[in-house]
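In: Output the structure for:
(chains A, B, C and D)
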2 protein chains.
Amino acid sequence: MRFDKGHKEQTRRRIVETAARRFRKEGVEAVGIAGLMADAGLTHGGFYAHFASKEELVRAALEEASDQSRERRAVLLEKGESLEALVRSYLRPVHRDTPELGCAAAALIAEIARHEPETRSAFTGRLKELLAQFEAALPVDMPEEVRSRRAIGIFGTMLGTLQMARAVTDPVLSVKMLESGVEAALALATM
Amino acid sequence: MRFDKGHKEQTRRRIVETAARRFRKEGVEAVGIAGLMADAGLTHGGFYAHFASKEELVRAALEEASDQSRERRAVLLEKGESLEALVRSYLRPVHRDTPELGCAAAALIAEIARHEPETRSAFTGRLKELLAQFEAALPVDMPEEVRSRRAIGIFGTMLGTLQMARAVTDPVLSVKMLESGVEAALALATM
DNA sequence: CATATAATATGATGATCGTCATTTTATAGC
DNA sequence: GCTATAAAATGACGATCATCATATTATATG
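Out: Predicted coordinates:
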């Protein structure tokens, strides 16, 4: 078909967005190309007109999800919200329960660590941006080197406690994990 | 074949140990039964004489890996080592680089969160044991409820920072993540 | 309206997946 | 040494995997 310019681009975006959701929800390996394309309202054959490989889609989906998260964080911070708002928003039951819309790192970091260097590098770049945002939201009287290490500790805490809260079957413990994560992250931010 | 009693049990153990290593290294989904059995020196057909399903092996492998980790932690603590030793041992480059011998949670927690409730429950039990060990290693003058939440925060920090250190391609940043994780975890333990 | 063309669909590749029925084989007990 | 038996091997099941060659089809352009 000979659609108007931008039609293919739009289709590509739809595939990437579908992938970004399903990868976060089910894991990269659990999602097949055929089912993914069907979800995007297409058949499987057209996939390789858009991407050279599944790995390339993984990178695109990772960037898509990261961009969304970064934008959300930026909006919060520009509204004058503090790091505390970011922490509390991250460690909420709704984020725990909807990984398909949430932090790509929390859903996929262990799987990413096993992917090709090119994918890991793309992820590294996005993670550095995230850490820079956190760093900038820390008290200005903190030496920069301390802020930098503190940002890593804070986000690591958020990442780990969210994953724990997602994995356990005990709902009381799960909530306690979210609360303990907030407590710990805020302690690291303010001490 | 009619082997002496305990032969089958021994074979089963070998399968579980092989699985515990490969699952941690490659992820559960990336490991196929056939290849796994070959790694254990067997052919694929015998698998279902030992396990009702792959999922059952996942549970067994998870328990095997957890037992090993718990034992290692217990040895350290009984030697009179503090929580600090646990933290430093966890956030070491060698642990980052050999996930197949390391913490099952760090390698598989996100994948576990997507498994059957039975598997998640088994994991929950092991995680509770781990947190209890951490809790017991915290200062006795801390109220128990605080110790409990603190233990969650500390292990969450360790989990998250180790995973970050594994995923990034920048080796300098990776080491910085390990160090920042130690710093943050110890701060939470002593404040 | 006809045609060129770009986007998507169809259909197949060989490989691998988890699972299971059947057969082979080694040895423990007679 | 023979035989019963339990453990492992062989081989196959249908399903799904990523990938690609080819065919179809809708529409923008002439």
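In: going forward, measure contacts and count neighbours with C-alpha atoms only.
Out: OK.
In: ok, and the closest non-adjacent residue to A:Ala61?
Out: Excluding the flanking residues, the one nearest A:Ala61 by CA to CA, 6 or more residues apart in numbering or on different chains is A:Ala20, at 4.5 Å.
In: does the one you found count as helix, strand or coil?
Out: Three-state assignment for A:Ala20 (DSSP: H, G, I helix; E, B strand; the rest coil): helix.
In: so who does the residue most central in space within chain A touch?
Out: Central residue of chain A (CA atoms, centre = their mean): A:Ala104, 2.2 Å from the mean position. A:Ala104 makes contact with A:Arg24, A:Leu62, A:Ala65, A:Ser66, according to CA atoms under 8 Å, 6 or more residues apart in numbering or on different chains.
In: Which other helices and strands does the host helix or strand of the first one contact?
Out: Taking DSSP states H and E as the definition, A:Arg24 sits inside helix A:7-26. With contacts defined as 3 or more CA pairs under 8 Å, 6 or more residues apart in numbering or on different chains; DSSP states H and E, helix A:7-26 has these neighbours: helix A:33-39, helix A:54-78, helix A:104-112.
In: which residues of chain A score low on pLDDT?
Out: By pLDDT under 70, the low-scoring segments of chain A are A:1-6.
In: Close to DNA strand D: what parts of it are there?
Out: A:1-4, A:29-35, A:44-48, A:52-55 (CA under 7 Å from any atom of the strand).
In: Buried ones only from those residues, please, as a PyMOL command.
Out: Selection of the buried residues among these in PyMOL, burial being defined by 16 or more other CA atoms under 10 Å in any protein chain shown:
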select buried, chain A and resi 33+47
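In: follow-up on the earlier one: scan the contacts of A:Ala104 and report the most crowded one.
Out: Highest neighbour count within the contacts of A:Ala104: A:Leu62, with 27 neighbours (other CA atoms under 10 Å in any protein chain shown).
In: A:Thr18 is in contact with that one, correct?
Out: No - here A:Leu62 lies out of contact with A:Thr18, judged by CA atoms under 8 Å, at a distance of 11.5 Å.
In: circling back: contacts for the helix holding A:Arg24 next, please.
Out: A:28, A:30-31, A:36-37, A:39-40, A:50, A:57-58, A:60-62, A:64-65, A:98-102, A:104, A:107-108, B:114.
In: Now the buried members of these.
Out: With neighbours counted by 16+ other CA under 10 Å, the contacts of helix A:7-26 contain buried members at A:28, A:36-37, A:40, A:50, A:57-58, A:60-62, A:64-65, A:99-102, A:104, A:107-108.
In: Measure how buried A:Val87 is and give me the count.
Out: Number of residues near A:Val87 (other CA under 10 Å) recorded here: 21.
In: next structured bit after the helix or strand hosting it?
Out: Using DSSP H and E, A:Val87 falls within helix A:83-90. Next helix or strand after helix A:83-90 toward the C-terminus (DSSP H and E): helix A:93-97.
In: now for that following helix, which elements pack on it?
Out: helix A:144-167.
In: Report the separation between the residue nearest to the centre of chain A and DNA strand C.
Out: 25 Å (CA to the nearest atom of the strand, to the nearest Å).
In: do A:Ala110 as well
Out: Noted for A:Ala110: a distance of 19 Å to DNA strand C, by CA to the nearest atom of the strand.
In: can I assume that residue is in contact with B:Ala105?
Out: No - if you go by CA under 8 Å, A:Ala110 and B:Ala105 don't touch, sitting 10.2 Å apart.
In: how close does the residue nearest to the centre of chain A get to DNA strand D?
Out: From A:Ala104 over to DNA strand D the distance is 18 Å, taken as CA to the nearest atom of the strand.
In: can you check A:Glu135 too?
Out: The gap separating A:Glu135 from DNA strand D is 37 Å, by CA to the nearest atom of the strand.
In: so what's A:Leu83 closest to, chain neighbours aside?
Out: Of all residues beyond its chain neighbours, the one nearest A:Leu83 is A:Ala137 (5.7 Å), with distances taken as CA to CA, 6+ apart.
In: residues touching the one you found, list them.
Out: A:Leu77, A:Ser82, A:Leu83.
In: Dihedrals phi and psi, it?
Out: phi -90, psi 0 (degrees, to the nearest 10).
In: Neighbours of A:Lys8, how many?
Out: Applying other CA under 10 Å, we find 14 residues neighbouring A:Lys8.
In: For A:Arg14, see how far away it is.
Out: In this structure, A:Lys8 and A:Arg14 are 10 Å apart, going by CA to CA, to the nearest Å.
In: before we move on, the earlier item: higher neighbour count, A:Ala110 and B:Ala105?
Out: A:Ala110 (25 against 22).
In: how close does the more buried one get to B:Glu26?
Out: Note on A:Ala110: its distance to B:Glu26, by CA to CA, is 10 Å.
In: Please apply the same query to A:Thr11.
Out: Here the distance between A:Thr11 and B:Glu26 works out to 33 Å (CA to CA).
In: of those two, who's got more company?
Out: Neighbour totals were compared for A:Thr11 and B:Glu26, and B:Glu26 leads with 19 against 15 (other CA under 10 Å).
In: What is the three-state secondary structure of A:Leu138?
Out: Under three-state DSSP, A:Leu138 comes out as coil.
In: so what's it up against?
Out: Counting by CA under 8 Å, 6+ apart, A:Leu138 makes contact with A:Leu83, A:Arg147, A:Ala151, A:Ala189.
In: For DNA strand C, see how far away it is.
Out: Counting by CA to the nearest atom of the strand, the gap from A:Leu138 to DNA strand C is 45 Å.
In: before we move on, the earlier item: show me which of the contacts of A:Ala104 is closest to A:Leu173.
Out: Using CA to CA, A:Arg24 comes nearest to A:Leu173 of the contacts of A:Ala104, at 23.1 Å.
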